[in-house]
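J.: okay, sequence plus prediction incoming.
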Amino acid sequence: GAVVSQHPSWVICKSGTSVKIECRSLDFQATTMFWYRQFPKQSLMLMATSNEGSKATYEQGVEKDKFLINHASLTLSTLTVTSAHPEDSSFYICSARDLFVGATYEQYFGPGTRLTVT
Amino acid sequence: DAKTTQPPSMDCAEGRAANLPCNHSTISGNEYVYWYRQIHSQGPQYIIHGLKNNETNEMASLIITEDRKSSTLILPHATLRDTAVYYCIVRVTITIPNTGNQFYFGTGTSLTVIP
């Protein structure tokens, strides 16, 4: 089955620094990837839609200058949390759609990245 | 915004069938019903999806009412490893790359399988 990986699986950073999270589709090509954030005991909240070769589309209320998304290839999207603050501590999850025409277009999710800002 | 309503929690005895309901009374004619589950601190896992016919795969069965306003996910023989939060999502399936297909998650149902 389709596999999506994320790196790192967990990261601790100091307040004010930036941290980059990678999302890779390992065995399929994905023109579209999605980024979610999940706080403890809450549901997943869609942050942005990332399309290969174009600017990401951010959901209402998500700061595009704080959460930088780059989708430079068909298998890699990155999320950079800039000037991180403790309130950015969360579980960040990416997902990807299969480009293949015959695919059923469900999303395949990565294992998530736990970010802790101290 | 999520367009589904699910009970917040359910218990099920191990070995018994788990029936998880979902209400999607405002579903449109071209929207599919998807089910995912999330085991603690992991990414969501795809279970099944359907449009209007009942569907079955190796994991579960999906029963969609005739008016499509609600559906039920059935895990035929629940095991302890099925303890997870189950999300029901409605979404248009668009076959054109780079368009739409966003998932908006609701609060889901936390299923606990009891030994």
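T.: Alright, I've got the coordinates. Nothing here was measured: the structure is a model prediction, and the numbers come from that model.
J.: tell me how many other residues surround residue 69.
T.: Using chain A. By other Cβ atoms under 10 Å in any protein chain shown, the residues close to A:I69 number 24. Where C-beta positions appear, they are placed from N, C-alpha and C, glycine not excepted.
J.: my question was about chain B, not that one.
T.: B:K69 has 13 nearby residues by other Cβ under 10 Å.
J.: same check on the one 5 residues further on?
T.: By the measure other Cβ under 10 Å, the count of residues near B:I74 is 16.
J.: how about the residues of chain A by chain B?
T.: Listed as neighbours of chain B in chain A under the rule Cβ under 8 Å from any Cβ of the partner chain: A:4, A:6, A:31-32, A:34, A:36, A:43-46, A:49, A:51-52, A:54, A:91, A:93, A:95, A:97, A:99, A:101, A:104-112, A:114.
J.: for chain A, give me its nearest residue in chain B.
T.: Scanning chain B for proximity to chain A using Cβ to the nearest Cβ identifies B:G43 as nearest, at 3.6 Å.
J.: now that residue: how far from A:F91?
T.: Applying Cβ to Cβ, to the nearest Å, the value for B:G43 to A:F91 is 9 Å.
J.: likewise A:M33?
T.: In terms of Cβ to Cβ, A:M33 sits 17 Å off from A:F91.
J.: in terms of neighbours, single out the busier of B:G43 and A:F91.
T.: Taking other Cβ under 10 Å, B:G43 and A:F91 do not tie; B:G43 has more neighbours (23 against 19).
J.: tell me the contacts of the more buried one?
T.: B:G43 sits next to A:4, A:6, A:93, A:95, A:109-112 when contact means Cβ atoms under 8 Å, 6 or more residues apart in numbering or on different chains.
J.: repeat that with 10 Å
T.: By Cβ atoms under 10 Å, 6 or more residues apart in numbering or on different chains, the contact set of B:G43 is A:4, A:6, A:36, A:38, A:44, A:91, A:93-95, A:107-113, B:36.
J.: these two touch, right, A:W35 and A:S95?
T.: Yes: using Cβ atoms under 10 Å, A:W35 makes contact with A:S95 at a distance of 8.2 Å.
J.: shared neighbours of these two, anything?
T.: Joint contacts of A:W35 and A:S95 (Cβ under 10 Å, 6+ apart) are A:23, A:46, A:77, A:110.
J.: count of neighbours near the third one?
T.: Read that as A:S77. A:S77: 30 neighbours (other Cβ under 10 Å).
J.: for it, what are phi and psi?
T.: When read as degrees, to the nearest 10, the backbone of A:S77 gives phi -130, psi 140.
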